[in-house]
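Visitor: Next comes the sequence, and after it the predicted model I'd like to discuss.
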Amino acid sequence: MLSYTLRTLMRMALTFFVIVTIVFFATRLSGNAVDFVIGDGMTTEDRDLLIKYYELDRPVLSQYFAFLRSFTDGQFGLSFIERRPVADMVLERVWPSTQLLLSAVTLTLLVSIPLGITAAIWRKSWIGSAVMVVAFLGYAVPNFVLAIVMVLIFSYWLNWLPVVGNGTAWHFIMPTVALAGVLIAALTRFTRNAMLDVLGQDFMRTARAKGLPESAVIFKHGLRNAGITILSVIGLQVAGLAASGSVVIESIFAWPGIGDLLVTSALRRDYPVLQFGVLTVAVAVIMINAAIDLAYAWADPRLRHSVKG
Amino acid sequence: MTYPAVPATSVPAAALQLWHSANIIQKAAIVIGLSLVLMALLAPLIAPFDPNSQSLISRLRPPLGLERAKAGYLLGTDELGRDVFSRSLYGLRLTLMLASLGAMLGLLIGGTLGLLAGIVGGRVEATIMAAVDTQIAVPFTLVALFLLAILGSSIEVIVLVLGLAGWEQYARIVRGEVKRLMNIPFIEAARAAGAGPLRIARHHLLPNIISPLVVQFTLALSNIVLLESTLSFLGLGVQPPTATLGSMVGIGRDYMPTAPWIVAAPATMILLITFAVQILGDWLRDGADVRLRER
Amino acid sequence: MLRLLLSTALAAGLASGASTQEITVGAANVSSYLDPGRDHSNVGSQFYYNSFDTLIGKNHDTLEADWQPALATEWKLVDPKTMELKLRDGVTFHNGEVMNADDVVFSLNRMYQADFPPYVVRSRDRLSNFVKAEKIDDLTVRISVEKEEPLWETLLNLQQVMIIPEDYTKGLTGDPKVAEHDDFEAFSLAPVGTGPYRIAEFVPGERVVYERFDDFWGEKAPLAKATVQHIPETASRLTALKTGEANIITNIAPDQLALIESDKNLRTVGSATPLFHVMIMNVNHPKLKDPRIRQALSLAIDRDTLNEALWLGKAVVPSTHTLKEYGDLYMPELKTFEYNPEKAKQLLKEAGYDGFEVTFDTHPTYYTNGLLAAQAITEMWKEVGINGRVNIAEKWSGRSPEMMTRNWSNPMYFADPFGSFGVMWAPNGPSEGEGRFNTDAEYAKIWERFRFSKDVEARKTAYGELMERIKQDPPVLPLYRPYESWAMRKDVSWAPKPGHIPYVLDFRAGSISFASN
């Protein structure tokens, strides 16, 4: 188990380093920050002055090493555009993003596990199909269309819900639903499939043969065993969402989140912010993945033994 | 009975058998899917107008039947006076093309790498899986943004971007299946008999991993349709004036309060595509699952 | 008991009265930094006027240059190249420091003798004639110029020479006695001025919160608090206004106006903003070297139709690069640009145009209607046989040798042709510096006459000659003065004032009020 943990950690560190390096060089390849940061209408002389001031004239390799060094001072450099430490900029947005993510995941769990079980149990009747159709609807339109339609209905016409920012609990409703739409579809589907896998297995037949009531069979034996699969799916989905899912929603609801910051800084080639932002997200995703790997190993005795051996 | 257990003798007969085995929702999905494909194929024949031809004096006209509608423009006109109906048809055509090419590219890249990782193992596997981890941890919108910035935003590059969007899923699935199958006696026997990795892949692995791949392919197909619209939302999609369903909703969203018909038709088409593809994917998945078939 | 109820009701009434003194503005864009000196962006100019003052003020209710005392109470030329200004007594900065000649000299010289690169750049394109500011006594300063300056007041009324506190700025980082580059960087995150509102909170790109500054030297601010909040999505901005989360919203596209006007609680205001959306053409692009090709690109564009279709006819299509804000130098009689597709076709034929592709670059969202206009323009080109293609990019391509044509804006930085055309198209100015426009000795000579002649007629003649040069070998076509709109709740009374530079959100006394209460 210890060596497994160590190996997982090593893999995390390696992935992290690869990401750092790729992000650094990909940003440099994708265009000179000068064309984005410095703006329009400038004489060559002035432009050279600013290039020098922003230290964009240094050779790429020396920038790379300076970038690696900046990990040690805890500031990770200054934003080209806002001229403040990127760590401040990114960290002030981590919490709002996390809040939104957590509320979307909670909603997803509350909705899709019951839906998924229902769909599995009644998979041959119309109920099962109907559940799946409903689950798909959240997934079937681009989430920004869903979000704007909600905004127009619940805020513009009915004036029930606020649309700007994350001030109160009411502010969470629409972004959470918009964000959870995709997750619900995916998780309902996976829950259903995991349950179907489990339902066909021998121990379920044994449980039934013992004369246990069907509900007990499903909840005690079925769900517990399907849980491992569901756990890993949630982990992947959350990781995926943490990585990129929410930029569109953040922009529509003026939510001060990290997705919006990442895309804006990428569009404006604010390399320092972008680099640190991507790293923050990557660390979060890698941690989520590692946590799931470990939980998986811990929950599944076969895997635990195999990694020992 | 959800899947034909007995191999059919001819293609039409098989299709008929499939049709009879479908429930009402699955039948609806088949009909919707086929009509969309047909509409896409016939777009140049059905569309009443050139999808890009503008008429600045008749911008933002509503669909027929509403006040201020303009004769001949069934679904109204968009922000540059182009025919929404014609643009939707051509948009559908291009979107389906992008999605299928993208999903196939993802399958090709991911499937190959997954196969390689599973069969060869060792350092190759470690490298490939590290790439998978990296891909998962980096926001995809950023990957797309960089690729488009470096390579330009032509249709080819967009296909590449959309293809790269799902390769890691294929790679995971294929590697997992391969690892499972490698321990099964008939493959061990083949290896013992001296069969090379290529031969093993072609004769023993491929037939066994086809069904999870098909399911993933359908998933990827609808994911890509949605992803294309997200890219357009961020201004990274197919460049105007070319219409795709994604760019029509991505650019048209500013008009949702004032001229919702610009977004309505393409958004409905996206909904129908993802709906049909998902239902069919699940159906395939159920049918392919041996254990369920036995129950 | 009754009394308690009454007093509660009264308090509630007062509270609601007070709450109307607080407003929220939903803005499409919020600055990433706030320093009036280094900034000349359209986003930034929204913010400075509420919190900063210039030495010489301006009556913004009129188009004409009606100069008013501001931080300087009087000013006069002591010799043709030196101006002496008396400073207002008893002005304090938001941080409590008292303003004196040292602050003024510091603020001006950080621009006139700039060594902080962002200041150097801003100073060079408009303040290069200014040599230095000197302190005479605590309330007197002298400013000297290199050549006799016809635009003294104009150039002392610029946003870039708004006054900031010396001690505060120098003390922000490092040595409190020295103005380091880091001090200026820090200032742009925690700006302090003398205006009627202090900036109580600034989250770059997200939010600017103004609070009334009680020690303001002039008429007190009408609002206790004003929050400018970034709401990028059009639908969300409209909705925020409708729900009352915002009292005013910015950047309303003309296509949205009817929807807002149809709501009885809302209204819109707008004006043809003093700037031009222009099309620039790279005179040095190998395929566009022949002026006839560029003339054809320009002649093929029916700007009146663009105006009618995209701006509901509310934009202003100019005949030459001129704005009515210029007063005596407004020259609508010049006919530099026109729509003539037949002539365009003929010129293309003469130039031997072989159908090569002409790209038109545009940012996806920066200019209102920018992407629409780009698509409409390429369609108009098609009519005369030009093979155009829209190329959308975030980056500024105006200095790329591959750039063929693109959109841009020529804002009026100050009310003089020098403040718009003159900044952008000067010899060695930004356009020439970016390599897409060429000038020669003769152009430079005309430009000098235009810039420095003290006789208005001489300046006008020179400007006419410059326009003729532009017509013969065109690097630019002004498309129109865009009609920019704001929308607000009916109980708010605000409108852009004619005397401002574009986009200023002026919340000073007399500029904003509430209809009821």
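Guide: Looks like it arrived, so ask away. Since this is a predicted model, take the numbers as computed values, not measurements.

Visitor: show me the contacts for the spatially closest residue to C:Ala221 that is not a sequence neighbour.
Guide: Excluding its sequence neighbours, the residue lying closest to C:Ala221 (C-beta to C-beta, 6 or more residues apart in numbering or on different chains) is C:Pro196, at 3.9 Å. Where C-beta positions appear, they are placed from N, C-alpha and C, glycine not excepted. Counting by C-beta atoms under 8 Å, 6 or more residues apart in numbering or on different chains, C:Pro196 makes contact with C:50-51, C:212-213, C:216, C:218-221, C:508-509.

Visitor: Then C:Thr243?
Guide: A:155-156, A:159, A:162-163.

Visitor: Can you show me the CA trace of stretch B:143-162 as PDB?
Guide: Provided in PDB are the C-alpha atoms of stretch B:143-162 (Å, rounded to 0.1, in the frame of the first residue of the first chain):
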ATOM      1  CA  VAL B 143      -5.500  23.200 -25.500                       C
ATOM      2  CA  ALA B 144      -8.000  24.200 -28.200                       C
ATOM      3  CA  LEU B 145      -7.100  27.800 -27.900                       C
ATOM      4  CA  PHE B 146      -3.400  27.200 -28.200                       C
ATOM      5  CA  LEU B 147      -3.800  24.800 -31.100                       C
ATOM      6  CA  LEU B 148      -6.000  27.300 -33.000                       C
ATOM      7  CA  ALA B 149      -3.600  30.100 -32.200                       C
ATOM      8  CA  ILE B 150      -0.600  28.200 -33.400                       C
ATOM      9  CA  LEU B 151      -2.100  26.500 -36.400                       C
ATOM     10  CA  GLY B 152      -4.800  29.000 -37.500                       C
ATOM     11  CA  SER B 153      -8.500  28.300 -37.300                       C
ATOM     12  CA  SER B 154      -9.200  26.500 -40.500                       C
ATOM     13  CA  ILE B 155     -11.700  23.700 -40.700                       C
ATOM     14  CA  GLU B 156      -8.900  21.100 -40.700                       C
ATOM     15  CA  VAL B 157      -7.500  22.500 -37.500                       C
ATOM     16  CA  ILE B 158     -10.900  22.500 -35.900                       C
ATOM     17  CA  VAL B 159     -11.300  18.800 -36.800                       C
ATOM     18  CA  LEU B 160      -7.900  18.100 -35.200                       C
ATOM     19  CA  VAL B 161      -8.900  20.000 -32.100                       C
ATOM     20  CA  LEU B 162     -12.200  18.200 -31.800                       C
END
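
Visitor: B:Lys27 touches B:Trp19, doesn't it?
Guide: Yes. When contacts are counted by C-beta atoms under 8 Å, B:Lys27 is listed as touching B:Trp19 (7.1 Å).

Visitor: The residue nearest to C:Gly195 when sequence neighbours are not counted - how many residues pack around it?
Guide: Using C-beta to C-beta, 6+ apart and skipping residues adjacent in sequence, the residue nearest C:Gly195 is C:Ser51, 4.2 Å away. Counted with other C-beta atoms under 10 Å in any protein chain shown, the neighbours of C:Ser51 add up to 23.

Visitor: By proximity to chain A, which residue of chain C wins?
Guide: C:Gly433 (2.9 Å; C-beta to the nearest C-beta).

Visitor: where does the chain dip in pLDDT?
Guide: Using chain A here. A:1, A:75, A:228-229, A:242-245, A:296-309 (pLDDT under 70).

Visitor: Chain B was what I was after
Guide: For chain B (pLDDT under 70), the answer is B:1-9, B:288-295.

Visitor: what's C:Ala72 sitting at in phi/psi?
Guide: phi -100, psi 140 (degrees, to the nearest 10).

Visitor: can you tell me which residues contact it?
Guide: C:55-56, C:85-88, C:156.

Visitor: out of those, what pair is the most spread apart?
Guide: Spatial extent of the contacts of C:Ala72 (C-beta to C-beta) is set by the pair C:Arg88 and C:Leu156 at 14.1 Å.

Visitor: related to what we said a few turns ago, please pick the buried ones from the contacts of C:Thr243.
Guide: A:155-156, A:162-163 (16 or more other C-beta atoms under 10 Å in any protein chain shown).

Visitor: For those residues, work out which two are farthest apart.
Guide: Farthest apart among those - using C-beta to C-beta - are A:Tyr156 and A:Pro162, which lie 11.8 Å from each other.

Visitor: and residue 37, how many neighbours?
Guide: Here I'm looking at chain A. Neighbours around A:Val37, by other C-beta under 10 Å: 20.

Visitor: think we crossed wires, I meant chain B
Guide: 16.

Visitor: For A:Val141, see how far away it is.
Guide: Remark: distance between B:Val37 and A:Val141 (C-beta to C-beta, to the nearest Å) = 20 Å.

Visitor: For chain C, what lies in contact range of chain B?
Guide: Remark: the part of chain C in contact with chain B comprises C:233-235, C:238-239, C:253, C:255-256, C:258-259, C:305-306, C:308-310, C:364-365, C:371-372, C:375-376, C:378-379, C:390-392, C:394, using C-beta under 8 Å from any C-beta of the partner chain.
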